[in-house]
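> Need a 3D model of the sequence below.
(one chain, ligands or ions: 1)
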Amino acid sequence: MFIVFKGVSLIKLSKRQDEILQIVKQNGPITGKEIAEKLSVTRAALRPDLAILTMSGNLDARPRVGYFFNDKLAVKQKAKKFIQQKVSDFKAHPIVVEKSTSVYNAIVQLFLEDVGTLYAVDSEGCLAGVISRKDLLRAALGNKNLQELPVSVIMTRMPNIITIHPDETLLEAAKKMINYHVDSLPVVTEAGDRGSTYLLLGRITKTTITRAYVEFMDENSN
Ligand code: ADP
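Residues are numbered from 1 along each chain as shown. Predicted coordinates:
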């Protein structure tokens, strides 16, 4: 564990300081004397560690009550950990069609893969377009011959696609989806020699964010 000040990790806690935190977490409020007894040391020997832990905000102290764990800081640390989670750790496999695929086949693919969005790629596997449920519904409304109509005609294409890089955070992904009113983001990396083209690595969807939230809360809400 680290000492955290204003949300920034500063110093790694010593073994003793970690022990004190655990004792206070489990037994607080608890007096300095009681902590010392549990660790079989003198009260004086503990004083510098207790001073560090209270100054850094990990512990709070109240006269005649004792030391107790600072829940607010713990929550803040957990929240920080949550929002720093990386896209690379959560991205799902992208469901891809060639941009020459017919709208009919894209609709079938959508059902088979049980997804809301398909990504179109060019012959070199670079991201070319996004095809959402509504794009397909719109195309189906006015067209009889969906087997002849390629998705390239109806998709949202580059450079209008909002993408996310694997090193960005889940929070950044969530913000982009909210701000641009889209349900998913292709996770991409620059395709090196091909200018403004992107290699498709995965996808992040609103479901990804919801799942991460639920997992995190299950692990941390006690
Ligand atoms: P739906 O159309 O099923 O509600 P979206 O809200 O994701 O799904 O899509 C709305 C529109 O935005 C569609 O025309 C789709 O092609 C486009 N779109 C979806 N995702 C993106 C994205 N990441 N970047 C740019 N446009 C997108």
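
> Spell out for me which residue occupies the centre of this protein.
Of all residues in the chain, the one closest to the mean position by CA atoms, centre = their mean is Leu170, 3.0 Å from it.

> Just give the nearest non-adjacent residue to that residue, would you?
Gln85 (4.8 Å; CB to CB, 6 or more residues apart in numbering). (Glycine included, C-beta is placed from N, CA and C.)

> how about that neighbour, what does it touch?
By CB atoms under 8 Å, 6 or more residues apart in numbering, the contact list for Gln85 reads Thr169, Leu170, Ala212.

> if I read this right, the first one contacts Lys81, doesn't it?
No: between Thr169 and Lys81 no contact is recorded; they are 11.0 Å apart, counting by CB atoms under 8 Å.

> ok, the two, which is more surrounded?
Legend: neighbour count by other CB atoms under 10 Å for Thr169 and Lys81, higher for Thr169 (16 against 11).

> For the more buried one, give the beta-bridge partners.
Beta bridges link Thr169 to Lys86, judged by DSSP bridges.

> What residues does it make contact with?
Contacts of Thr169 by CB under 8 Å, 6+ apart are Ile83, Gln84, Gln85, Lys86, Val87.

> Buried ones among those?
With burial judged by 16 or more other CB atoms under 10 Å, the buried subset of the contacts of Thr169 is Gln85, Val87.

> Out of the contacts of Thr169, the closest to the ligand would be?
Set against the ligand, the nearest of these by CB to the nearest ligand atom is Val87 (13.1 Å).

> Is it correct that the closest one is in contact with Ala174?
No: in this structure, Val87 is not within contact of Ala174 by CB under 8 Å, at 10.3 Å.

> ok, the residue nearest to Leu170 to Ala212 distance?
Distance of Gln85 to Ala212, computed by CB to CB, to the nearest Å: 6 Å.

> Find the residues that touch each one of these two.
Leu170.

> which residues touch Thr189?
Contacts of Thr189 (CB under 8 Å, 6+ apart): His165, Pro166, Tyr198, Leu199, Leu201.

> per-residue pLDDT, it?
With respect to pLDDT, Thr189 has a value of 93.

> and the next element down the chain from the one helix or strand it maps to?
Thr189 belongs to strand 184-190 when assigned by DSSP states H and E. Note on strand 184-190: by DSSP H and E, the next helix or strand toward the C-terminus is strand 198-205.

> can you tell if that following strand touches the ligand?
No: using CB under 6 Å from any ligand atom, strand 198-205 stays clear of the ligand, coming no nearer than 8.8 Å.

> now the strands for this protein?
In the chain, the strands defined using DSSP state E lie at 2-5, 8-12, 59-62, 66-69, 96-98, 117-121, 127-132, 156-157, 184-190, 198-205.

> looking only at pLDDT, what's the mean for the fourth one?
When pLDDT is averaged over strand 66-69, the result is 90.

> what's the answer for the second one, then?
For strand 8-12, mean pLDDT is 58.

> Give me the below-cutoff pLDDT ranges for the protein.
Regions of the chain meeting the criterion pLDDT under 70 cover residues 1-11, 193-196, 221-222.
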